[in-house]
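# dropping the sequence and predicted coords here.
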Amino acid sequence: MPSIHSRLFTLFLRLIGKKHFLKTLLAAGKQNFYSSPEPTAKVYKYCRVDKRQLGGQQVFTLQPKKHKSSRHILYLHGGAYVQSFTSHHWSFMAELVNATNCTISAPDYPLAPAFTFEDSFRMILALYKELLENVAKEDLVIMGDSSGGGLALAFCQLLANEQLPQPGQLILLSPWLDISLTNPEIQQIAMEDPFMGLEGLLQAGRLYAGNAPLDHYLLSPIYGSFQGLENIAVFVGSREILVADARKLKTMIAGEISQFIYVEYPGMVHDWMLINLPESRQARQQIISIIETGKL
């Protein structure tokens with residue numbers, strides 16, 4: 001059963017109408033209203049921060065101030081492909097650096113409506129090739145939340161198609177695996193989801209897709225191939241519409257890859273692992289264990 005803190009948080013989301021925020025912000029052209037495109041004070045407290053440009057976009061590198069491990073995370077932030085980092089992303093990444101002594105590369109990749117998925121993949125592929133020159137593939141972790149989770153899985157499918165090395169670990173947090181949102185189970189779950197609204201997500205997905213079909217695997221990796229992928233972990237909540245396709249992925253991928261970890265938290269909403277709930281802290285410890293050992 002979800003903690004009292006989680007139940008109160010869910011009630012709060014319903015009271016403020018959170019699931020309608022994205023649709024409203026897109027209509028006003030203010031989709032980045034709640035974004036935090038630069039690292040927060042907490043990041044600078046725990047990390048050494050470097051910032052540079054790649055293809056006209058910012059790339060942030062977060063490193064521990066003292067001892068540094070060999071682990072390197074390529075983190076792809078969520079935001080429905082139209083929103084930049086939030087303060088929750090920065091806090092989450094700072095905690096990972098502090099707990100594991102890893103380094104994190106966090107690209108502020110091109111976003112819709114100014115760009116489409118082709119621009120995003122072009123930038124991330126260039127960054128990944130740079131990382132491969134300096135980091136052993138076994139020490140590379142690709143991690144993404146929400147739309148960044150879908151992007152992360154699609155990117156690893158692209159690596160397989162291009163016959164490029166896979167990362168040592170792929171970690172997907174509340175991943176958006178099908179931007180068409182056509183899974184019939186979604187409609188039922190949508191009534192229970194206080195966080196995500198279908199209309200805003202569908203609009204954002206179409207902007208990101210440009211003229212490409214929504215079932216293109218780089219947009220909706222649930223339709224792609226899993227051959228050649230390695231070591232995938234998925235974290236999702238049972239009260240988010242994206243759980244429908246996460247469960248579908250679990251069924252499809254069983255036996256296809258060397259290791260698949262699936263963790264579904266009862267009663268939890270979208271991206272709960274990034275905030276400060278008892279379940280969030282538990283999930284972060286599991287994520288840290290996977291980063292360090294490859295196991296829960």
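It's in. Numbers count the residues shown, from 1 in each chain.
# where do the helices sit along the stretch 101-250 of the chain?
Counting by DSSP state H, counting those that start in this stretch, residue ranges of the helices within the stretch 101-250 of the chain are 117-134, 147-161, 186-190, 198-209, 243-253.
# name the residues that touch the helix or strand hosting Gln53?
In this structure, Gln53 is located in strand 47-54 according to DSSP states H and E. Outside strand 47-54, the residues within contact range by C-beta atoms under 8 Å, 6 or more residues apart in numbering are 39, 43, 58-65, 94, 97-98, 107, 123, 126-127, 130. For every residue, glycine as well, the C-beta is placed using N, CA and C.
# so which of those residues belong to helices?
Among the contacts of strand 47-54, the members falling in helices are Val43, Ala94, Val97, Asn98, Met123, Ala126, Leu127, Glu130 (criterion: DSSP state H).
# on that earlier part again, the strand holding Gln53 pairs with which strands?
strand 57-64 (antiparallel) (DSSP bridges).
# pLDDT at Gly255, what is it?
Gly255 carries a pLDDT value of 77.
# ok, Met1 next?
Turning to Met1, the model gives it a pLDDT of 83.
# hmm, back to that, what angle separates the strand holding Gln53 from helix 117-134?
Per axes from the mean of the first three to the mean of the last three C-alpha atoms, to 10 degrees, the angle that strand 47-54 makes with helix 117-134 is 120 degrees.
# can I get strand 47-54 in CSV, CA atoms only?
Once side chains and other backbone atoms are set aside, the C-alpha atoms of strand 47-54 remain, and they are given as CSV (Å, rounded to 0.1, in the frame of the first residue of the first chain):
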residue,chain,number,x,y,z
CYS,A,47,29.2,18.4,-7.7
ARG,A,48,31.8,20.1,-9.8
VAL,A,49,29.9,21.4,-12.8
ASP,A,50,31.2,21.9,-16.3
LYS,A,51,29.2,23.4,-19.2
ARG,A,52,29.9,23.4,-22.9
GLN,A,53,28.2,23.6,-26.3
LEU,A,54,27.6,20.7,-28.6
